[in-house]
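K.L.:
With the sequence up front, the predicted model follows.
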Amino acid sequence: MISITTANNKKVYFASDQHLGAPTAEASFPREQRFVNWLNTIKKDAEAIFLLGDLFDFWFEYKTVVPKGFVRVLGKLAEIKDAGTPIYFFVGNHDLWMNDYFEKELNIPVFHSPQEFKINNKVFLIGHGDGLGPGDKGYKRMKKVFTFPLFKWMFRWLHPDLGVKLGQYMSVKNKMISGDEDAKFLGEDNEWLVQYCKKKLTQKHYDYFVFGHRHLPLEIKLKENSTYINLGDWIQYFTFGEFENETLSLKKD
C-alpha cells in the first residue's frame, strides 16, 4: 500500500474520463484546453494527482509508435511530474492497451487494476471501475478478448494508420464509453460499482472508494465511515475529486 501525507495547505486531486479525441480531435480540443487549464490551477497546491482512466478515447502502444496528438496534456503532465508532484494513472476501458509509455516518457506509474492507498490515515481503494461487480457480462467477455496477448499481437501487426483509425472508430461507436449516452443513476441496488464496494467492505474497511467509468458524479454513503465517490467525466460534468485534510469531496471545474 502506498502512503501519502499532505503538507500544510496541500491537497490530493482525482479526475477521470476526459475521452480526449472523441468524437473527433477537433471537437475534443476545447475539452483538452479546459483540462490543461485545470492542471495548471491545481499544480500549485497538489500533493498528488490521480488520473483514473479514459484520458484518451482510444490509445494503443505499438513498439515504436503511439497515437499522435494530445501534446498539450502530455506536456503539462510531464511538467508537473518533473516539478516533483506524484501522478498516478489507472487505465480505463479505452486506454487499456497502455503499456510503458507513460512510465518511460513521463515517469508516471500505470496501474491496470484497483489499488489501495493510504492518504492522511484514510484508506482508499482506487481504480477506473470497468468490469467490477456483478453483471456487465458482455463487456467482461469483450475485455478478456481485447486483453488476450494473441489479440494484441495480431492488432499490432496492423499498420498504425489503419489500426488507430479502426480503434478510434470502434471507440466512438460505443455510446456509453464515448459519452454519447446520458448516464442515469440506477439506484444503489442496480449500481454494479456500489455492489462491488459493499462486498469489499465485508472483507476490509475502506474510508473511500474512488472510481470513474460511469460518467456520472456520485457520492454515496455506504456506512457511517465509508463513502463511494464516482468522479463523473470531462464531457458533460467537468467534475473532479478534491481531498483536503481528511475529507474527499466532489468539485466542478
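P.N.:
Yes, it's here. As the structure is a computational prediction, the values presented were derived from the model and not from experiment. Residues are numbered from 1 along each chain as shown.

K.L.:
How much space separates L51 from E224?
P.N.:
Using C-beta to C-beta, to the nearest Å, L51 is found at 30 Å from E224. For the C-beta atoms, the positions are set from N, CA and C on the backbone; glycine is no exception.

K.L.:
between these two, which one's more packed in?
P.N.:
A direct count of neighbours by other C-beta atoms under 10 Å for L51 and E224 places L51 higher, at 29 against 6.

K.L.:
Nearest residue to the more buried one in space, please, no chain neighbours.
P.N.:
Spatial nearest neighbour of L51, excluding adjacent residues (C-beta to C-beta, 6 or more residues apart in numbering): F89 at 4.9 Å.

K.L.:
Tell me the spacing between that neighbour and K251.
P.N.:
Note on F89: its distance to K251, by C-beta to C-beta, is 20 Å.

K.L.:
ditto for R72
P.N.:
R72 is 22 Å from K251, by C-beta to C-beta.

K.L.:
Which one's more surrounded, these two?
P.N.:
Higher neighbour count among R72 and K251: R72, with 16 against 12, using other C-beta under 10 Å.

K.L.:
Spatially nearest residue to that one, not counting backbone neighbours?
P.N.:
V36 (5.1 Å).

K.L.:
Buried ones in the helix or strand hosting that neighbour, by neighbour count?
P.N.:
Take DSSP states H and E as the rule and V36 turns out to sit in helix 25-42. Neighbour-count burial for helix 25-42, counted by 16 or more other C-beta atoms under 10 Å, picks out A25, S28, R31, E32, F35, V36, W38, L39, I42.

K.L.:
how near is the fifth one to L125?
P.N.:
Plainly put, F35 is 25 Å away from L125 if you go by C-beta to C-beta.

K.L.:
just the third one next, same as before
P.N.:
Taking C-beta to C-beta as the criterion, R31 is separated from L125 by 28 Å.

K.L.:
re earlier: next SSE downstream of the helix holding V36?
P.N.:
strand 46-51.

K.L.:
What average pLDDT does that following strand get?
P.N.:
Strand 46-51 carries an average pLDDT of 98.

K.L.:
now it, how far from the chain's geometric center?
P.N.:
What separates the centre of strand 46-51 from the centre of its chain is 12 Å, taken as C-alpha atoms, centre = their mean, to the nearest Å.

K.L.:
Low-confidence regions, this protein specifically.
P.N.:
Per-residue confidence for the chain (pLDDT under 70) gives these ranges: 135-148, 151-153, 155-157, 160-182.

K.L.:
could you redo the last one with a cut-off of 50?
P.N.:
175-181 (pLDDT under 50).

K.L.:
For it, which segments are assigned as helices?
P.N.:
For the chain, the helices defined by DSSP state H occupy 25-42, 71-82, 101, 137-146, 149-156, 160-173, 175-178, 192-201.
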